[in-house]
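Trainee: A structural model of the following input is requested.
(chains A, B and C)
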Amino acid sequence: MPELPEVETVVRGLQAVLPRRTVVAVAGVAPEVTVGKCILAVRRYGKFIVLDFEDGMLFVHLGMTGQLMWSSEQSKFTRGQFFLDEGVLRYDDIRKFGKVFWATTYPKRGPDPLEISAGDFVQLVQSRRTRIKVLLLDQGFLRGMGNIYTDEVLFLARIHPMTPGDALSKPKLLVLHQAIQEVLAAAIAAGGSSISDYVNAKGEKGSFQDHHQAYGKHGKPCPRCAGTLERMLVSQRGTTFCPKCQKL
DNA sequence: ATTACTACCTGACAGC
DNA sequence: TGCTGTCAGGTAGTAA
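Mentor: Numbering: from 1, shown residues only, chains lettered A, B, ... in the order given. As a prediction, the model looks like this:
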């Protein structure tokens, strides 16, 4: 569910309440190591939410249906709770694909899509023969993009999802890099996309789903040409694109 | 190095 | 109403 903009939105919400709070007790899946320790900062690392402590980091990955909220309530799907000296941090996950773990080093990931320079991006993509959609989804290549934003960005840049990385020209890749910046920024500004489960740290939905141009819109007219958006599978992921605008 | 496929788990929805 | 099949924002592991 949550990709970079959704995780960023949750992080921003938690930044307002978590720093300087001390963990008093934990319940459920949450690691005991954090008990008695003070949260120094909240950050995003790819699709991970990172809580900084003096001697390590707590990584939270929301998987497909995870939620991390500032709430003392519980639901049927609450899997863990961090009781703080003031307030409760609650972790929900319907499908249990999410993870919460303690570490002192970072999981290996590629550069952040919002931080990589256009030049580095062009070089990285052109060094690979893998299809561009697979590359963008690969967290070891770029950390943060998922199925929604990959479809949106490739549509905007008019690039066919199956195009091999090394078949893309520099101008095309500059357009793609720019599309990534614009789409992710707009999505963050809209508080992310809520397709079914995603909510922010306050339990509120985002609104960027109202601005999707391609993702999930197969069978509908292309917003740009007279064609119809089509659906196909790319490495087992549902993919929507316009066969007229995004030619191989 | 890269691809293909499976598994993890639950819910929503379409069709019968 | 209820059953069956399909699909879903993600990632890890295994085999080819």
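Trainee: which secondary element of chain A has the worst mean pLDDT?
Mentor: strand A:230-234 (a mean of 90; mean pLDDT, DSSP states H and E).
Trainee: Please point out which parts of the helix or strand just after that strand sit buried.
Mentor: Per DSSP states H and E, the first helix or strand lying C-terminal to strand A:230-234 is strand A:237-241. For strand A:237-241, the neighbour count (16 or more other Cβ atoms under 10 Å) marks A:239, A:240, A:241 as buried. Any C-beta I mention is one placed from the backbone N, CA and C, and that applies to glycine too.
Trainee: And stretch A:18-26, by the same measure?
Mentor: A:18, A:21, A:23, A:26.
Trainee: swap in stretch A:174-189?
Mentor: Quick answer for stretch A:174-189 (16+ other Cβ under 10 Å): A:175, A:176, A:177, A:179, A:180, A:183, A:184, A:187, A:188.
Trainee: pretty sure residue A:237 is in contact with residue A:147, am I right?
Mentor: Yes: counting by Cβ atoms under 8 Å, residue A:147 is a contact partner of residue A:237 at 5.4 Å.
Trainee: what's the overlap in contacts for the two?
Mentor: Residues touching both residue A:237 and residue A:147 (Cβ atoms under 8 Å, 6 or more residues apart in numbering) are residue A:137.
Trainee: Save the buried residues of stretch A:18-26 as CSV, and put in distance to DNA strand B and pLDDT too.
Mentor: As requested, these are exported to CSV (distance: Cβ to the nearest atom of the strand, whole Å; pLDDT from 0 to 100):
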residue, distance to DNA strand B, pLDDT
A:18, 27, 97
A:21, 30, 98
A:23, 26, 96
A:26, 21, 94
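Trainee: So which of these are in strands?
Mentor: A:23, A:26 (DSSP state E).
Trainee: Need the buried residues of strand A:237-241 in CSV (columns: pLDDT and distance to DNA strand B).
Mentor: Listed next are those as CSV, based on pLDDT from 0 to 100; distance: Cβ to the nearest atom of the strand, whole Å:
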residue, pLDDT, distance to DNA strand B
A:239, 93, 12
A:240, 93, 17
A:241, 93, 17
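Trainee: List just the nearest of the residues you listed to residue A:43.
Mentor: residue A:239 (30.7 Å; Cβ to Cβ).
Trainee: with the buried residues of stretch A:174-189 in mind, which one is nearest to DNA strand B?
Mentor: Closest approach to DNA strand B among the buried residues of stretch A:174-189 (Cβ to the nearest atom of the strand): residue A:176, at 17.6 Å.
Trainee: How about the closest one, nearest residue that isn't a chain neighbour?
Mentor: Nearest-residue entry for residue A:176: residue A:157, 4.2 Å, with adjacent residues in sequence omitted and distances by Cβ to Cβ, 6 or more residues apart in numbering.
Trainee: What are the phi and psi values at the one you found?
Mentor: Main-chain dihedrals, residue A:157, degrees, to the nearest 10: phi -80, psi 0.
Trainee: from what I can see it touches residue A:175, true?
Mentor: Yes: the criterion here is Cβ under 8 Å, and residue A:157 meets it with residue A:175 at 4.8 Å.
Trainee: Tell me who's in contact with residue A:244.
Mentor: A:222, A:225, A:226, A:227.
Trainee: The third one and DNA strand B, how far apart?
Mentor: To tie it back to what came earlier, the one meant is residue A:226. 26 Å (Cβ to the nearest atom of the strand, to the nearest Å).
Trainee: The first one now?
Mentor: Using Cβ to the nearest atom of the strand, residue A:222 is found at 23 Å from DNA strand B.
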